[in-house]
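Colleague: sequence-free structure coming up:
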């Protein structure tokens, strides 16, 4: 739907600890200990510390197995963004990439510390 906000607006993710991951038929929800959530309805990539990439297209019963549980109870060390990709790097050097696409439909959303809902 939209590109991600500028990098300074995403720095609040640094220090967040991932508490829960929920798989729904057409989305993945990442809940942090702070109570904030990041929801992807498009596609994600989980890049392991050894560089191995696990992709998920957020479509029920499609694709390879997931190893997302390895991110649980880890804190975000850094955030990078491109227009259509948000990358969260965790304590073990694994990376969660959340993708957006331009078009009429929402690719996902997250809430900010000041209570705003950002749709991408």
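Modeller: The structure has been received and is ready for your questions. What you see is a predicted model; the values in this text were computed from it and never measured.
Colleague: what sits opposite residue 85 in the beta ladder?
Modeller: Judged by DSSP bridges, the bridge partners of residue 85 are residue 82, residue 99.
Colleague: ok, it - contacts?
Modeller: Residue 85 makes contact with 4, 97, 98, 99, 100 under the criterion C-beta atoms under 8 Å, 6 or more residues apart in numbering. (Each C-beta comes from the backbone N, C-alpha and C, glycine too.)
Colleague: per-residue confidence for the residue minimising distance to the centre of the chain?
Modeller: Compute the mean C-alpha point of the chain, and by C-alpha atoms, centre = their mean the closest residue is residue 98, 4.4 Å away. We have a pLDDT of 98 for residue 98.
Colleague: one more: the one 5 residues further on?
Modeller: We note a pLDDT of 88 for residue 103 in this prediction.
Colleague: same question, the one 4 residues further on
Modeller: Per-residue pLDDT puts residue 107 at 95.
Colleague: what's around it, how many residues?
Modeller: Residues lying near residue 107 (other C-beta atoms under 10 Å) number 23.
Colleague: from residue 119, how far out is it?
Modeller: Applying C-beta to C-beta, to the nearest Å, the value for residue 107 to residue 119 is 8 Å.
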